[in-house]
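>>> Provided below are the primary sequence and the corresponding predicted coordinates.
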Amino acid sequence: MAPAQGGWNGIILMVVMFGIFYFLLIRPQQKKAKEHKQLLESLQKGDQIVTAGGIHGKVTALDEGIVTIEVATGVNIRINKGFIATIAKKQ
């Protein structure tokens, strides 16, 4: 009887560990990814943004996956849309 109980204990322990990993690691990461996707979808021309590299700028144009931002008067740079970290100020 002892070997059968040891097998069940191992399975129960693995299920508990998976549950802990899910609630502490996987679920928060999925939630953050969903919020970032919504942030990118709400992006509009004129918004003040901060990139993942820390560059601050104003959105001047939106293409499919490219965003053009003005970082200084007359200085425009193009970045991939996914590298926008936050919207500092909505238009």
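Thanks, I have the structure now.

>>> quick one: the strands in the chain?
Assigned by DSSP state E, the strands in the chain fall at 48-51, 56-62, 66-72, 75-80, 84-89.

>>> for these, which one sits closest to residue 25?
strand 84-89 (21.1 Å; CB to CB). (Glycine included, C-beta is placed from N, CA and C.)

>>> Just the buried residues of that closest one, please?
84, 87 (16 or more other CB atoms under 10 Å).

>>> Parallel or antiparallel, which strands does that strand pair with?
strand 48-51 (antiparallel) (DSSP bridges).

>>> what mean pLDDT does the strand it pairs with have?
In this model, strand 48-51 carries a mean pLDDT of 96.

>>> Check the offset of that strand from the chain's centre.
14 Å (CA atoms, centre = their mean, to the nearest Å).

>>> Please enumerate residues in contact with it?
43, 56-59, 67, 69, 79, 83-89 (CB atoms under 8 Å, 6 or more residues apart in numbering).

>>> One more: stretch 29-47?
With CB under 8 Å, 6+ apart, stretch 29-47 has contacts from 49, 58-62, 67, 81-82, 84, 86-87, 89-91.
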